[in-house]
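Trainee: Show me the folded form of this:
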Amino acid sequence: MTTQPPLLATADPPAYRLCNPGGRAPWVITADHAGRAIPHALGSLGLSAADLDRHIAWDIGIAGLTEQLAERLDAFAIAQTYSRLVIDCNRAPGTPQSIVTESECTPIPGNAGVSAVEVETRAAAIFHPYHDRIRAELDARAASGRRTLLVALHSFTPVFLGMSRPWHCGVLYQRDARLGHLLLASARREPGLVVGDNQPYAVSDATDYGIPVHGEQRGIAHVELEIRQDLIADVAGQIAWAERIARWLEEALPAL
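Mentor: As a prediction, the model looks like this:
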């Protein structure tokens, strides 16, 4: 069997970054698409710097929002470092959307013809370390009897394939709506906010990994939040939304 050397070199950043790892709150916050790094061995995947700044490469604003929210809640948070175009950490490895050859009509040359060995090499370097660290955190909390609630943070582009999206944020869930419905109620009490109920995306086994695996399979109350990228593109927006989301989560705690 053909094998390849490890993907990440000394100069490459680690697969994830922890924010407030000693957080005492019950919340565990994940950010699957927080980063846009590309391993040096893969160059730029054949993309321009402008394309790597776009939403196709990462969830704009989510890294800063994650940091701000972890600080306000005193919560553990983990942010994935690499571009979703290298490997998507919210898709099961080997599925069609794990390593895409095109994203919103933009070809990804560096992903064309990727072999099974190359897929596993990317997963071993990036996907598995990130999710293994989430599992380790959840396992440790379960072993100690510590209460845990899971929040997955994402952001979405205001315009996708030429269609404008009216929502300011979306509250996503699948089989377990406990936390999702509580946050929907809080969000809809906010004046002027357009809130999507499983919009602009919905959680499913086919299109998601984090919530089905870390939330549903463990029976942990959870929610996925999508924030529109133009609202959190700068620090002021990230602070404002962190304060808002922290308030919603704190309002939900007594009911869970």
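
Trainee: residue contacts, Thr106?
Mentor: Counting by C-beta atoms under 8 Å, 6 or more residues apart in numbering, Thr106 makes contact with 47, 51, 54, 56. The C-beta positions use only the backbone N, C-alpha and C, and glycine is treated the same way.

Trainee: is it possible to export these to JSON lines including secondary structure?
Mentor: Converted to JSON lines, these look like this (DSSP: H, G, I helix; E, B strand; the rest coil):
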{"residue": "Leu47", "secondary structure": "coil"}
{"residue": "Asp51", "secondary structure": "helix"}
{"residue": "Arg54", "secondary structure": "coil"}
{"residue": "Ile56", "secondary structure": "coil"}
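
Trainee: Okay, helices next: where are they in the stretch 51-200 of the chain?
Mentor: Secondary structure of the stretch 51-200 of the chain (DSSP state H, counting those that start in this stretch): helices at 62-73, 116-122, 128-143, 178-188.

Trainee: and the longest one, C-alpha only, in PDB?
Mentor: The C-alpha trace of helix 128-143 is given here as PDB (Å, rounded to 0.1, in the frame of the first residue of the first chain):
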ATOM      1  CA  HIS A 128      -8.800  13.500  13.500                       C
ATOM      2  CA  PRO A 129      -6.600  15.500  15.900                       C
ATOM      3  CA  TYR A 130      -9.300  18.200  16.100                       C
ATOM      4  CA  HIS A 131     -12.200  15.800  16.800                       C
ATOM      5  CA  ASP A 132     -10.100  13.600  19.100                       C
ATOM      6  CA  ARG A 133      -9.500  16.700  21.300                       C
ATOM      7  CA  ILE A 134     -13.200  17.400  21.400                       C
ATOM      8  CA  ARG A 135     -13.800  13.700  22.400                       C
ATOM      9  CA  ALA A 136     -11.100  13.900  25.100                       C
ATOM     10  CA  GLU A 137     -12.800  17.000  26.600                       C
ATOM     11  CA  LEU A 138     -16.300  15.400  26.500                       C
ATOM     12  CA  ASP A 139     -15.000  12.100  27.900                       C
ATOM     13  CA  ALA A 140     -13.200  13.800  30.800                       C
ATOM     14  CA  ARG A 141     -16.300  15.800  31.700                       C
ATOM     15  CA  ALA A 142     -18.500  12.700  31.500                       C
ATOM     16  CA  ALA A 143     -16.000  10.700  33.700                       C
END
